[in-house]
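Asks: Provided below are the primary sequence and the corresponding predicted coordinates.
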Amino acid sequence: MSSVTNRPAPEAGSIPDLEFGVDGAEPAEYAASPTLVFRLRVDSGGRDIRSVLLDVQIQIAARKRPYDTAAEGRLVELFGTPDRWGDTLRTLPWTRSTVVVPPFTGSAVVDLPVTLTYDLEVTAARYMHALEDGKVPLELLFSGTIFYSGADGGLQTARVPWTGEAEYDLPASAWHDTMNSHFPNSAWIRLDRERFDRLDAYRSREGVPTWDALVDSLLEEAGDA
């Protein structure tokens, strides 16, 4: 869990200085597609907030964790061989979303749903898939608009600067658990339409019942044990 620091009492009528944290993340129940829900915490330093239209960017701070030999092998397509990681290991953009924070005084916690994909052509998905355990170091950047009460009680607005940020170590198991709840013991391969149609026609022509059986058959023909 990331933390929000204690701050002195704000001056009346001043623009609220928001601070952010993440209290946790877990798979969404009953979601139509794999979805991970982050619990964002917003602290206004005791101010009355009418609402916040919050723009959130999440990125993976890949340099902030160690990697075992197995993970290094699975990450070669993203970063090259480990001997080059001093130059190639970099922060990866993951997703961007918008959430509305309802009225609160002092602090509030709001859910931020993030839809996941098993398309391993997507950089963040390939990175997550490569990690079997440990933490995924995340950086969350915030912007948007604050609606708050001014000194006279009237509605005021102000921008949330992009300097608003929080860090969170997402358990790698949270991503895998979310994906496994929708696609148990499965993975995905992207093919262009022409190759898919050729494979589908071959499967129908040969009477192969499933795609797994088709792959097994082709591997056996190729002499792969």
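Replies: Nice, I can see it.
Asks: show me which residues of the lengthiest helix in the chain are buried.
Replies: For the chain, the helix reaching the highest residue count under DSSP state H is reported as helix 193-206. Of the residues in helix 193-206, 199, 203 count as buried by neighbour count, 16 or more other Cβ atoms under 10 Å. Using the backbone N, CA and C atoms, a C-beta is placed for each residue, glycine as well.
Asks: just the C-alphas of that helix, formatted as CSV.
Replies: Below are the C-alpha coordinates for helix 193-206, written out as CSV (Å, rounded to 0.1, in the frame of the first residue of the first chain):
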residue,chain,number,x,y,z
ARG,A,193,-6.4,-13.3,-41.4
GLU,A,194,-4.9,-15.2,-44.4
ARG,A,195,-3.0,-17.6,-42.2
PHE,A,196,-5.9,-18.1,-39.9
ASP,A,197,-8.2,-19.0,-42.8
ARG,A,198,-5.6,-21.4,-44.2
LEU,A,199,-5.3,-23.1,-40.8
ASP,A,200,-9.0,-23.2,-40.3
ALA,A,201,-9.5,-24.8,-43.7
TYR,A,202,-6.8,-27.3,-43.0
ARG,A,203,-8.4,-28.2,-39.6
SER,A,204,-11.8,-28.7,-41.3
ARG,A,205,-10.4,-30.7,-44.2
GLU,A,206,-8.5,-33.0,-41.9
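Asks: give me the element the nearest residue to residue 135 once chain neighbours are set aside is part of.
Replies: For residue 135, the nearest residue in space outside its immediate sequence neighbours is residue 169; the separation is 3.9 Å by Cβ to Cβ, 6 or more residues apart in numbering. Secondary structure assignment for residue 169, by DSSP states H and E: strand 155-171.
Asks: quick one: residues in contact with the longest helix of the chain.
Replies: Residues outside helix 193-206 that contact it (Cβ atoms under 8 Å, 6 or more residues apart in numbering): 191, 208, 211, 214, 217.
Asks: got a list of what the fourth one touches?
Replies: Going by Cβ under 8 Å, 6+ apart, residue 214 touches 199, 202-203, 208.
Asks: take the one helix or strand in the chain whose mean pLDDT sits lowest, keep the C-alpha atoms, and write them as CSV.
Replies: Taking all helices and strands of the chain together, the one with the lowest average confidence (mean pLDDT, DSSP states H and E) is helix 211-221, at a mean of 85. Output of helix 211-221 as CSV, limited to C-alpha atoms (Å, rounded to 0.1, in the frame of the first residue of the first chain):
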residue,chain,number,x,y,z
TRP,A,211,-7.1,-26.0,-32.2
ASP,A,212,-5.0,-27.7,-29.5
ALA,A,213,-5.2,-31.0,-31.4
LEU,A,214,-4.3,-29.1,-34.7
VAL,A,215,-1.1,-27.6,-33.1
ASP,A,216,-0.1,-31.0,-31.7
SER,A,217,-0.6,-32.6,-35.1
LEU,A,218,1.5,-30.0,-36.9
LEU,A,219,4.3,-30.2,-34.3
GLU,A,220,4.3,-34.0,-34.6
GLU,A,221,4.6,-33.7,-38.4
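Asks: good, we can wrap up now.
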